[in-house]
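1. here is my input; please provide its structure:
(one chain, ligands or ions: 2)
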Amino acid sequence: MFVSQLDITCSAPGKIILSGEHSVVYPGKPAIAASISKRCHCRLTTNPDETVTIGLASLNFTRSLSLNEIVKVIKSRKGQALDAAGKCDLEEISRESTTALLELYASDIDSSGIKNALHIIMFLLTSMLSRIEKDHLSKCPGVVLTVNSDLVLGAGSGSSAAFAVSVAGSIYTFLRWLSSSMQGDHTLALDTDVNINRNSWDTITSEDLNFINSLAFLAEKITHGTPSGLDNTICTYGGVVKLKRYEAGNEIEKTRAMLPLEVLLIDTGVSRSTSNLVAKVAALKSRHELIFDQLLTALGSVTESFLDILKSLAKIDPSDDKKMECEFQKLEDLIDMNQGLLTSLGVSHPSLNQIIDICKDHGLHAKLTGAGGGGYAFAVIPPTFGRHSMDKCIEELERAKFKVYRDLKLGGPGFEMKVEKNENVQM
Ligand SMILES: Nc1ncnc2c1ncn2[C@@H]1O[C@H](COP(=O)(O)OP(=O)(O)O)[C@@H](O)[C@H]1O
Ligand SMILES: C[C@@](O)(CCOP(=O)(O)O)CC(=O)O
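-> Ligands and ions are numbered 1, 2, ... in the order given. A predicted model of the protein is given here:
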């Protein structure tokens, strides 16, 4: 068979949650997140071998799977899943196929991080391939999929969402390429009820982005159980996102602007599990419904005010020191209140408290970001804050063995894709 050979690189940024973590899990409560200038990169190339090779550089892991085996599993699930009208639930098929493939290829793996990453890749791969009509599945070439990330895994800077978005985007683009590149009577048939943009497969429209975001949300459910959707949303669209969760769907406000906000991102080095912390907060809610509601309402107001200040900062003349100072003082008040409220929810940690105290000693205000229980904190640096004082604060944080990231740009681009193709390579 003659098809073009494909080389796609997709990337997505990590994020920090500025305000509203945990409260955003509950209906109607806002959170604000910004993308950061550290990214996860996923490269997908087609492969003349009949294998799917997965390389996870951050986890020092490589494994090759048999493409025939994957196709066989999907075909058998599709065969069984037809309803009376001859249609099948593609999501269900990919879930079942993923379980079967994990049993085949991941039962010997002890690392939960690798297992989770494989689970996500298998799910995204089978959920895309199961959209191809059964008889055409064998036309699919092998692939090599490699993932590299600038992000620390499991610390709250959105490594899992950046991973999910970049892998989802690569595999989705692979499917669009497949369906548009098969030649002559080899045209690839997708299931008729599949709404996938197979024309102009090498560009990304806003509809494609929405689709990638929804795929990444399904992947985030594998990692976190019941995520709010904030992480995959900010990692897909970049910029600054405000999100509220509702039964009927999330309300999302996007701003594609760099944030005029300088922060230090500080890693406690303490790993934690987002789903455990979300469960811990839910347990507190069930013991103290009324007080919990009031804490949520307070967190909601803090987040709304935080966003109002960010908006007003963007309008202030940067040389107007007095006005800047006044707005930053309000922002710092909100950071302190936010941290206090999150501590009341039980998600702070001694290492976070230590970071916040060191920052306070140097005149900076910091809070946890993400699920808490360890992970990251961030401190806001007002434009009028002396560089010397900031250096002193960083020195003390580093002496206490915390890793500090400075010069992070907030609000940069979201999902990005680069495509190279060589025509008429024999597969
Ligand atoms: N670059 C990567 N390669 C492979 N898996 C990754 C990568 N980045 C994230 N992951 C997956 O996401 C998990 C981390 O998720 P999580 O604990 O939510 O961290 P974070 O708060 O950074 O999103 C990892 O254990 C791994 O399964
Ligand atoms: C606690 C929570 O609000 C944020 C979790 O952030 P992170 O994945 O730990 O960065 C959970 C969520 O929004 O799904």
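
2. residues of the helix or strand in which Ile17 is found that come out buried?
-> Using DSSP states H and E, Ile17 sits in strand 2-19. Within strand 2-19, the residues that count as buried by 16 or more other C-beta atoms under 10 Å are 3-6, 8-19. Heads up, the C-betas are built off the backbone N, CA and C, glycines and all.

3. so the longest helix along the chain versus strand 2-19, what angle?
-> Longest helix in the chain by number of residues, with DSSP state H as the criterion: helix 289-315. Between helix 289-315 and strand 2-19, the angle comes out at 110 degrees (axes from the mean of the first three to the mean of the last three C-alpha atoms, to 10 degrees).

4. past helix 289-315, which element shows up next along the chain?
-> Proceeding N to C from helix 289-315, the next assigned helix or strand is helix 321-344, under DSSP H and E.

5. near ligand 2 at all, that following helix?
-> No - using C-beta under 6 Å from any ligand atom, helix 321-344 stays clear of ligand 2, coming no nearer than 9.6 Å.

6. for that helix, the distance to its chain's centre please.
-> 27 Å (C-alpha atoms, centre = their mean, to the nearest Å).

7. mind listing what's buried along that helix?
-> Buried residues in helix 321-344, counted by 16+ other C-beta under 10 Å: 324, 327-328, 331-332, 334-335, 337-339, 341-343.

8. same question for stretch 280-287.
-> Lys280, Val281, Leu284, Lys285.

9. distance of the second one from Met337?
-> Pointing back at Val281 there. 18 Å (C-beta to C-beta, to the nearest Å).

10. could you do Met122 as well?
-> Applying C-beta to C-beta, the value for Met122 to Met337 is 43 Å.

11. same deal with Ala379?
-> Distance, Ala379 to Met337, using C-beta to C-beta: 15 Å.

12. equivalent analysis for Leu264, please.
-> Applying C-beta to C-beta, the value for Leu264 to Met337 is 20 Å.

13. and what of Phe306?
-> Distance, Phe306 to Met337, by C-beta to C-beta: 10 Å.

14. Ile335 contacts Lys367, doesn't it?
-> Yes - Ile335 is in contact with Lys367 according to C-beta atoms under 8 Å; the separation is 4.9 Å.

15. what helix or strand is the residue most central in space within the chain located in?
-> Taking C-alpha atoms, centre = their mean, the centroid of the chain lies closest to Ala161, which sits 1.6 Å from it. Assigned by DSSP H and E, Ala161 falls within helix 159-181.

16. do that helix and ligand 2 meet at all?
-> No - using C-beta under 6 Å from any ligand atom, helix 159-181 stays clear of ligand 2, with a minimum separation of 6.6 Å.

17. give me the neighbour count for Ser127.
-> Residues within reach of Ser127, counting by other C-beta atoms under 10 Å, total 24.

18. so what's it closest to, chain neighbours aside?
-> Ser94 (3.6 Å; C-beta to C-beta, 6 or more residues apart in numbering).

19. Ile70 versus the one you found, what's the distance?
-> From Ser94 over to Ile70 (counting by C-beta to C-beta), the distance is 11 Å.

20. okay, now the unreliable bits of the stretch 101-250 of the chain?
-> 182-195, 197-199 (pLDDT under 70).
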